[in-house]
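Asker: the following block contains a protein sequence and its predicted model.
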2 protein chains.
Amino acid sequence: MRARLYEIAIGQIAARGYDGATLRDVAAAAGVSPALLYRYFPNKQAVVLALYDKLSHQFVARSAGLPNGRWRDRALHSLALSLDVLRPHRAALRALAPVLVGDPDDGLFADRTAFSRMRVQGVFERAACEATDAPAGDTAGALGRLLYLLHLGVILWWLLDRSADQRATRGLLALLGRLMPSAMLALKLPSIKRAVLDLDRLMTDGLVGSS
Amino acid sequence: MRARLYEIAIGQIAARGYDGATLRDVAAAAGVSPALLYRYFPNKQAVVLALYDKLSHQFVARSAGLPNGRWRDRALHSLALSLDVLRPHRAALRALAPVLVGDPDDGLFADRTAFSRMRVQGVFERAACEATDAPAGDTAGALGRLLYLLHLGVILWWLLDRSADQRATRGLLALLGRLMPSAMLALKLPSIKRAVLDLDRLMTDGLVGSS
């Protein structure tokens, strides 16, 4: 029952937008009483949290097969995998983009959604830290978190992408693949390594908001 | 009268969010009839377009004093100037972040808001094309448009920045300043120059949506 109500709720959000969808309409579409629906989903936020939970869980499960190798290949692999997981839900995620980006309570960097963010970020941290060429010391973890931030930027691009079949996103992924060797070389420079560590600290301070 | 109604409308959006603010409340707060308000602003979108118009106009006017010199200094100068122009309006822009990012009609890459985007983008294009070290050929314009995209990323970071007084954004600007010399060197490499041209084409295809 919960799974069915969830699917209907997400479908309505995808079709009408987050603000346009109402739980009352979801109950009507499911042929259940609002009271029953509220027992599973007390509000729309609960539906969004269920979506975060489901997608981040799928991503972690599928990333278990991440091949050994260099961090650049593991990062690109994780990025492509994340887009694979999200692709069937593009309409719902587009409808939710305002919430994801703008909402202090249910957005991407909100405390309430941290459980899901930490899961996804963890995959990118492991992609760097457990690579055969993992940078020494703190740099590996910082690199993993920046790769996660880059991944968010690519997803935002993908959600905004107006080209047919999001071909501009495929082009962006191919371009990132071409740039990775240069990024690997750059990371050997002390000034770039320091920049990675600094950017990681700024991200923690500014976006995640631990002060 | 128009300016006064605009200020009240923006104040209500900043305080209550875009969805929470209503033109009816704006009219009440201004002590005018809704009919009079509608003559100036037929809907909330008109208020948002007026904000885009005002801020992009201010930015262009102030960028007239952009010093001659290298593109990296001109780009950083433009970026800092843009944040200066936006700073007094942070609360309203935060309330509008969902519209800016997610709205196909009134968002940042929408056709209806192109007039404002082109103005701001033009400043970054000139920062690159009219620099004393402007790259040859098409690269200068492409570089300018990518600097504009980078600038949008920094503004999104600034809007999400939870640190006191947005110190993490100041840190990010300082870090970008430190990385610019490496970016200038990298742009001498044919592979990086090609990546700049490709990314510019992907941005036109995917985000601006000319196909």
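Answerer: Structure's in. What do you need?
Asker: ok, and the closest non-adjacent residue to residue A:70?
Answerer: residue A:133 (4.9 Å; CB to CB, 6 or more residues apart in numbering or on different chains). Just so you know, the C-beta spots here come from the backbone N, C-alpha and C atoms, and that holds for glycine as well.
Asker: could you list the residues in contact with stretch A:91-109?
Answerer: A:10-11, A:13-18, A:45, A:48-49, A:51, A:86, A:110, A:112-113, A:117, A:152, A:156, A:159-160, A:207-209, B:94, B:97-99, B:101-103, B:156, B:160, B:162 (CB atoms under 8 Å, 6 or more residues apart in numbering or on different chains).
Asker: can you turn the buried part of the residues you listed into a PyMOL selection?
Answerer: Provided next is the PyMOL selection string for whichever of those are buried by 16 or more other CB atoms under 10 Å in any protein chain shown:
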select buried, (chain A and resi 10+13+14+18+45+48+49+51+86+110+113+117+152+156+159+160+207+208+209) or (chain B and resi 94+97+98+99+101+102+103+156+160)
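Asker: for the residue nearest to residue A:70, what are its contacts?
Answerer: By CB under 8 Å, 6+ apart, residue A:133 lies in contact with A:70, A:71, A:184.
Asker: near chain B, anything from stretch A:117-132?
Answerer: No - residues of stretch A:117-132 are not located near chain B by CB under 8 Å from any CB of the partner chain, the shortest gap being 12.9 Å.
Asker: can you give me the helices for chain A?
Answerer: A:2-16, A:23-30, A:34-40, A:44-63, A:71-86, A:90-102, A:114-129, A:139-160, A:167-186, A:190-203 (DSSP state H).
Asker: any chance of these in TSV, plus distance to residue B:203 and mean pLDDT?
Answerer: Output for the helices of chain A, formatted as TSV (distance: least, CB to CB, whole Å; pLDDT from 0 to 100):
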stretch	distance to residue B:203	mean pLDDT
helix A:2-16	26	92
helix A:23-30	37	93
helix A:34-40	42	92
helix A:44-63	27	93
helix A:71-86	18	96
helix A:90-102	18	84
helix A:114-129	24	95
helix A:139-160	9	95
helix A:167-186	8	95
helix A:190-203	22	95
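Asker: can the ones you listed go into JSON lines with extra columns for distance to residue B:201?
Answerer: Shown next, in JSON lines, are the helices of chain A (distance: least, CB to CB, whole Å):
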{"stretch": "helix A:2-16", "distance to residue B:201": "30"}
{"stretch": "helix A:23-30", "distance to residue B:201": "42"}
{"stretch": "helix A:34-40", "distance to residue B:201": "47"}
{"stretch": "helix A:44-63", "distance to residue B:201": "30"}
{"stretch": "helix A:71-86", "distance to residue B:201": "20"}
{"stretch": "helix A:90-102", "distance to residue B:201": "23"}
{"stretch": "helix A:114-129", "distance to residue B:201": "28"}
{"stretch": "helix A:139-160", "distance to residue B:201": "14"}
{"stretch": "helix A:167-186", "distance to residue B:201": "8"}
{"stretch": "helix A:190-203", "distance to residue B:201": "27"}
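Asker: quick check, pLDDT for the residue nearest to residue A:70.
Answerer: Among the per-residue scores, residue A:133 shows a pLDDT of 94.
Asker: what is the burial count for residue A:131?
Answerer: By other CB atoms under 10 Å in any protein chain shown, the residues close to residue A:131 number 21.
Asker: tell me if I'm right that it and residue A:66 touch.
Answerer: No - contact status for residue A:131 versus residue A:66: not in contact, 9.7 Å apart, counting by CB atoms under 8 Å.
Asker: overlap in contacts, these two.
Answerer: By CB under 8 Å, 6+ apart, the residues touching both residue A:131 and residue A:66 are residue A:74.
Asker: how near is the residue with the largest distance to the centre of chain A to residue A:43?
Answerer: The outermost residue of chain A, judged against the average C-alpha position, is residue A:33 (33.3 Å), by CA atoms, centre = their mean. Distance, residue A:33 to residue A:43, using CB to CB, to the nearest Å: 16 Å.
Asker: residues touching the spatially most central residue of chain A, list them.
Answerer: In chain A, the residue lying closest to the centroid (CA atoms, centre = their mean) is residue A:152, at 5.9 Å. Going by CB under 8 Å, 6+ apart, residue A:152 touches residue A:108.
Asker: go on, residue A:155?
Answerer: A:82, A:83, A:86.
Asker: and if you look at residue A:13?
Answerer: Residue A:13 touches A:21, A:44, A:47, A:92, A:95, A:96, counting by CB under 8 Å, 6+ apart.
Asker: please indicate which of these are buried?
Answerer: Here, 16+ other CB under 10 Å leaves A:21, A:44, A:47, A:92, A:95, A:96 buried among those.
Asker: nearest to residue A:127 among the contacts of residue A:155?
Answerer: Proximity of the contacts of residue A:155 to residue A:127 (CB to CB) peaks at residue A:82, which lies at 11.0 Å.
Asker: I figured residue A:126 hits residue A:68, correct?
Answerer: No - under the criterion of CB under 8 Å, residue A:126 makes no contact with residue A:68, lying 11.4 Å away.
Asker: which of the two has more neighbours?
Answerer: residue A:126 (18 against 9).
Asker: how close does that one get to chain B?
Answerer: 25 Å (CB to the nearest CB, to the nearest Å).
Asker: check contacts around that residue.
Answerer: Residue A:126 touches A:66, A:144, counting by CB under 8 Å, 6+ apart.
Asker: same question, residue A:70
Answerer: Residue A:70 touches A:131, A:132, A:133, A:184, counting by CB under 8 Å, 6+ apart.
Asker: try it again with 10 Å
Answerer: Counting by CB atoms under 10 Å, 6 or more residues apart in numbering or on different chains, residue A:70 touches A:76, A:127, A:131, A:132, A:133, A:134, A:180, A:181, A:184.
Asker: so which of those residues comes closest to residue B:122?
Answerer: residue A:180 (32.3 Å).
Asker: looking at it, the closest one is touching residue A:72, isn't it?
Answerer: Yes - the criterion here is CB atoms under 10 Å, and residue A:180 meets it with residue A:72 at 4.0 Å.
Asker: pull the distance from stretch A:78-88 to the chain's centre.
Answerer: 9 Å (CA atoms, centre = their mean, to the nearest Å).
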